[in-house]
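Student: Compute the structure for the input listed below.
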Amino acid sequence: MAIAESKKLDLVNVSPTATPPVCRIMNYGKFKYSQAKKEKESKKKQKVISVKEIRMTPNIEEHDLSVKAKNAGKFLEDGDRVKVVIRFRGRELGHMDVGREVLMQFAEMTKEYSVIDKQPIVEGKNMIMFLAPKK
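Tutor: So this is what the prediction gives:
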């Protein structure tokens with residue numbers, strides 16, 4: 001402490017969990033600034049993966065399905081995950097197997113860009129499947 005005060009610097013505890021604790025004599029303001037700068041730089045290099053959602057009904061036409069698969073392919077190429085949702089209404093709730101077939105057909109259409117991250121599951125009146133981009 002006396003040496004740090006004589007040099008008009010701070011005694012900084014760099015690693016308090018180590019035995020013995022590691023301390024350094026330095027300008028604390030400058031140290032904090034450099035740490036913040038490093039953290040900001042590492043955040044720039046990270047890629048944020050977002051989840052895009054595609055909604056359909058179980059009785060979707062072939063062309064509409066291919067258009068949605070094409071859009072999903074673009075999302076997957078950009079590195080985003082895709083959440084595919086089929087909404088069931090009224091009597092459609094009795095035909096969950098049709099919805100599962102549509103989801104599997106959708107996965108087949110996008111297989112060159114994606115892998116199935118989460119198999120189709122039913123949540124309320126929706127059937128949901130997640131697709132992840134191929135590495």
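Student: Quick check: phi and psi on the most centrally placed residue in the chain?
Tutor: Using C-alpha atoms, centre = their mean, the residue of the chain that lies closest to the mean C-alpha position is residue 49, 3.6 Å off. Residue 49 has phi and psi values of phi -90, psi 120 when expressed as degrees, to the nearest 10.
Student: Now do the contacts for it.
Tutor: 79, 80, 81 (C-beta atoms under 8 Å, 6 or more residues apart in numbering). The way it works is simple: take the backbone N, C-alpha and C, and place the C-beta from them, glycine included.
Student: switch the cut-off to 6 Å
Tutor: By C-beta atoms under 6 Å, 6 or more residues apart in numbering, no residues touch residue 49.
Student: same thing with residue 107?
Tutor: Here residue 107 is in contact with residue 116 (C-beta under 6 Å, 6+ apart).
Student: Sticking with it, tell me its helix or strand.
Tutor: helix 96-109 (DSSP states H and E).
Student: Return the set of buried residues in that helix.
Tutor: 98, 99, 100, 102, 103, 106, 107, 109 (16 or more other C-beta atoms under 10 Å).
Student: Next, the angle from the longest strand seen in the chain to helix 96-109.
Tutor: Longest strand in the chain by number of residues (criterion: DSSP state E): strand 114-123. If you take axes from the mean of the first three to the mean of the last three C-alpha atoms, to 10 degrees, strand 114-123 sits at 160 degrees to helix 96-109.
Student: same for strand 114-123, what does it pack against?
Tutor: helix 96-109, strand 126-133 (3 or more C-beta pairs under 6 Å, 6 or more residues apart in numbering; DSSP states H and E).
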